[in-house]
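Chemist: Sharing a model prediction with you, sequence too.
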Amino acid sequence: MQATSPREFFEKVLPLRFKADKAAGVDVIVQVNITGSNGGSWTAKVKDQTLEVAEGVYASPTLTLQMADRDFVELVNGKLSPEKAFFTGKIQFKGDIALALKLRETGFL
């Protein structure tokens, strides 16, 4: 399933894409801030092999990602690799890169 907007990704695509079996031992709170006309802020919590997504801002997340809405949709639809997004400055990232890579295995990015 392809996402047409960040909201659709968080509400419909991510819950279907999440691989709980790959999330063993992952305990993270990710703040995702999307800029642009389809932007917004979402918090995703992965703990005990479950995913919980909520709209809004979390005060002290483990990881923070910021992207433009168009780039984010390309990223989650596989048209832009996380590595290319990072090295071209399309994604701003704060936190443990190893944890971000682990999240990728769960279907998050």
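Modeler: Thanks, I have the structure now. Numbers count the residues shown, from 1 in each chain.
Chemist: Would you mark the buried spots in stretch 87-102?
Modeler: Neighbour counts over stretch 87-102 (16 or more other CB atoms under 10 Å) mark 90-91, 95, 99-100, 102 as buried. Yep, even glycine has a C-beta here, placed from its N, CA and C like the rest.
Chemist: Ends of it, what's the gap?
Modeler: Terminal residues of stretch 87-102 lie 19 Å apart, using CA to CA, to the nearest Å.
Chemist: And for stretch 13-32?
Modeler: Start-to-end, stretch 13-32 (CA to CA) is 15 Å.
Chemist: any residues touching it, and which ones?
Modeler: Residues from elsewhere that reach stretch 13-32 (CB atoms under 8 Å, 6 or more residues apart in numbering): 1-3, 6, 10, 41-51, 53, 57-58, 60-67, 72, 76, 99, 102-103, 105-108.
Chemist: Check the offset of that stretch from the chain's centre.
Modeler: Relative to the chain's own centre, stretch 13-32 is displaced by 9 Å; criterion: CA atoms, centre = their mean, to the nearest Å.
Chemist: Could you do stretch 61-72 as well?
Modeler: Taking CA atoms, centre = their mean, one finds the center of stretch 61-72 at 7 Å from the center of the full chain.
Chemist: Equivalent analysis for stretch 80-98, please.
Modeler: The answer for stretch 80-98 is 11 Å, by CA atoms, centre = their mean.
Chemist: gap between the two ends of it?
Modeler: Note: stretch 80-98 ends 20 Å apart using CA to CA.
Chemist: Ok, stretch 3-13 next?
Modeler: Taking CA to CA as the measure, stretch 3-13 stretches 7 Å from start to finish.
Chemist: Okay, and which of the contacts of stretch 13-32 map to strands?
Modeler: When DSSP state E is applied, the contacts of stretch 13-32 are split such that 41-47, 50-51, 53, 63-67 fall in strands.
Chemist: Would you map the helices across the protein?
Modeler: Counting by DSSP state H, the chain has helices at residues 6-8, 14-17, 69-76, 82-87, 97-105.
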